[in-house]
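Enquirer: Got a predicted structure plus its sequence, pasted below:
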Amino acid sequence: FYVCYKGVETRVPVVINPMDPNSGDYTGGEEPTDHEHIIIPGWTYDAAYHWKSCTLCDWQIDKERHTLEWVVVYEPTATEPGVKAEMCTVCGYYTGKYEVIPKLSGDYIPGDINGDKAVNNKDLTRLFQYLSDWDVEVNEAALDVNGDGSVNNKDLTRLFQYLSDWDVQIF
């Protein structure tokens, strides 16, 4: 990388040792003091670390090991499997590891939002509460009432139509 020190830009070799948390920092030894660091937005990262970089001298600021966790990238539905991936929760680095999450169990009654084995106005009320961000228990496999792949007010409308004996299908 290039280092800007006292106005002179110089190419400096970097040796990265994944076992040394300070490895890869400015190899001149001392942090440049001739300017105030201007931080590049976002994170720079490699397979072991993430850090903020100065646009003037490439000094590595806040360098830390990745904080890896399994993150759900796509939630499973009754019709589609989901995906979870191992990623850094700080910088978003993706390790290349992922797992498929099986589809939700198809053992449900379409429209039975509250899981009581019946489709009625209680389900309509429960779906409304769920969509209003209430902390309620729901049968997640039954939430997508209209089968379009998302859960929203269209599902509430479809369930209302179904309960009002309209000629509509629920999923």
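Expert: Structure's in. What do you need?
Enquirer: In the chain, where is pLDDT below threshold?
Expert: Along the chain, segments meeting pLDDT under 70 span 1-29, 78, 104-107.
Enquirer: now the strands for it?
Expert: All strands of the chain, identified by DSSP state E, fall at 2-5, 8-11, 44-45, 49-53, 60-65, 68-74, 82-88, 94-101.
Enquirer: deepest of those, which one?
Expert: strand 49-53 (a mean of 19; mean count of other CB atoms under 10 Å). Any C-beta I mention is one placed from the backbone N, CA and C, and that applies to glycine too.
Enquirer: Next up, the contacts around residue 74.
Expert: Contacts for residue 74 (CB atoms under 8 Å, 6 or more residues apart in numbering) come out as 80, 82, 83, 101.
Enquirer: wait, which of those residues is closest to residue 63?
Expert: residue 83 (29.8 Å; CB to CB).
Enquirer: where's that closest one relative to residue 38, distance?
Expert: 37 Å (CB to CB, to the nearest Å).
Enquirer: got it, and residue 44?
Expert: Residue 44 is 14 Å from residue 38, by CB to CB.
Enquirer: One more: residue 158?
Expert: For residue 158, the distance to residue 38 - CB to CB - is 53 Å.
Enquirer: Any chance you could list what contacts stretch 121-133?
Expert: The contact list for stretch 121-133 (CB under 8 Å, 6+ apart) reads 111-114, 116, 136, 138, 142-143, 145, 151-153, 155-156, 159-160, 163.
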